[in-house]
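Trainee: next come a sequence and a model predicted from it.
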Amino acid sequence: MPELPEVETVRRGLEPYVRGRRIARVTVRDARLRWPVPASLAHDAADRRIERIARRGKYLIVTLDSGDRMIWHLGMTGRLLVLDPAQPLVKHDHVDFLLDGDTLIRFHDPRRFGAVLWWSRDENVHPLLAGMGPEPFDPAFDGDYLFRKSRGRSVAVKNFVMDGHIVVGAGNIYAAESLFRAGIRPTRRAGRLTRADCARLADRIREVLAEAIERGGTTLRDFAGADGASGYFQQELSVYGRDGEPCRVCGTLIKGLVLGGRASCYCPRCQR
DNA sequence: CTGTTAACCTGAGTGC
DNA sequence: TGCACTCAGGTTAACA
């Protein structure tokens, strides 16, 4: 479910509720997530104060006053909701963070592709975050960067853009949408992009992600912000999930195909 | 190194 | 109503 805009929406929703708050109790009901929730996490996080919550790619990083951090990831179906502590449990409510006794942050994840991990202050870099590409809004991410990185690469540009080693945060939806706006077919080999293509693509990736954040993300099925509200960017989608429907720009039927094992859509006329 | 595929897991939707 | 089947927003392990 969540790509960068959805994770950022959750981060912004959580921030006012968690910043400066003390963790009274952590309850792990099911530790079997993408990686097991460390057995010591509940004890180690208890009584710590949350200094801030940041985002790196699709990971949320919760810094504690001890200097240790937690890494939260939503996988495909994860939710992090701010709730009243009396909120009844439902299926797939795997981890609770009770703050100062009156605010509950609840991690809910049917498919369990998400993660709740510990990042010790003794570890400078966490293995999951090492080797990640730049943030799309980092000045280091621009057309020149994309051009350099794509030289000699035969992979389809859509898979290239979704590769977290190249740039973080663009998943299946926003990769498709960025390529539409840039007028580039998802099947084009990355190494065949011109300098101008790369400049346009970098700009459109940033643009699409920024607009989606403004709309509170894209809700297709599962996604909800920390307050449980849906996003609205799905109304703005030009190609994702529109296989067989007319292009909003030229009327040509949107084409679907599978790239790197993922469903992809593009307009055969607008994208070359 | 690059590139491709399957795998992890559950639920929703479709067609018979 | 039930069953078999497909697909889903992410990521990585295993392979050629």
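Mentor: Now that the structure is in, tell me what you want to look at.

Trainee: use CA for all of it now, contacts and neighbours both
Mentor: Fine.

Trainee: residue contacts, A:Arg21?
Mentor: The contact partners of A:Arg21, taken as C-alpha atoms under 8 Å, 6 or more residues apart in numbering, are A:49-51, A:99-100.

Trainee: buried residues in whichever strand or helix holds A:Phe147, which are they?
Mentor: Element membership of A:Phe147, judged by DSSP states H and E, is helix A:143-150. Of all the residues in helix A:143-150, those buried under the rule 16 or more other C-alpha atoms under 10 Å are A:143, A:145-147, A:150.

Trainee: helices or strands next to that helix in the packing?
Mentor: Helix A:143-150 sits against helix A:195-214, with contacts defined as 3 or more C-alpha pairs under 8 Å, 6 or more residues apart in numbering; DSSP states H and E.

Trainee: now for the helix or strand just after the helix it packs on, which elements pack on it?
Mentor: Using DSSP H and E, the helix or strand that follows helix A:195-214 towards the C-terminus is strand A:255-259. Where contact means 3+ C-alpha pairs under 8 Å, 6+ apart, strand A:255-259 is packed against strand A:262-266.

Trainee: quick one: contacts of the strand it packs on?
Mentor: Contacts of strand A:262-266 (C-alpha under 8 Å, 6+ apart): A:172, A:176, A:180, A:185-186, A:239-243, A:254-258.

Trainee: go again using 10 Å as the cut-off
Mentor: Outside strand A:262-266, the residues within contact range by C-alpha atoms under 10 Å, 6 or more residues apart in numbering are A:158-159, A:172-173, A:175-177, A:179-180, A:183-187, A:238-244, A:247, A:253-259, A:272.

Trainee: ok, which stretches of the stretch 51-200 of chain A are strands?
Mentor: Taking DSSP state E, counting those that start in this stretch, the strands of the stretch 51-200 of chain A run over residues A:59-64, A:69-73, A:79-83, A:93-99, A:103-108, A:115-119.

Trainee: redo these as TSV? Include mean pLDDT, mean neighbour count and distance to DNA strand B.
Mentor: TSV is the format used below for the strands of the stretch 51-200 of chain A (pLDDT from 0 to 100; neighbours: other C-alpha atoms under 10 Å; distance: least, C-alpha to the nearest atom of the strand, whole Å):
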stretch	mean pLDDT	mean neighbour count	distance to DNA strand B
strand A:59-64	98	22	16
strand A:69-73	98	22	13
strand A:79-83	97	23	13
strand A:93-99	98	22	11
strand A:103-108	98	23	11
strand A:115-119	97	21	12
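
Trainee: rebuild these as CSV, extending it with distance to A:Ala24.
Mentor: Shown next, in CSV, are the strands of the stretch 51-200 of chain A (distance: least, C-alpha to C-alpha, whole Å):
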stretch, distance to A:Ala24
strand A:59-64, 13
strand A:69-73, 15
strand A:79-83, 15
strand A:93-99, 5
strand A:103-108, 10
strand A:115-119, 17
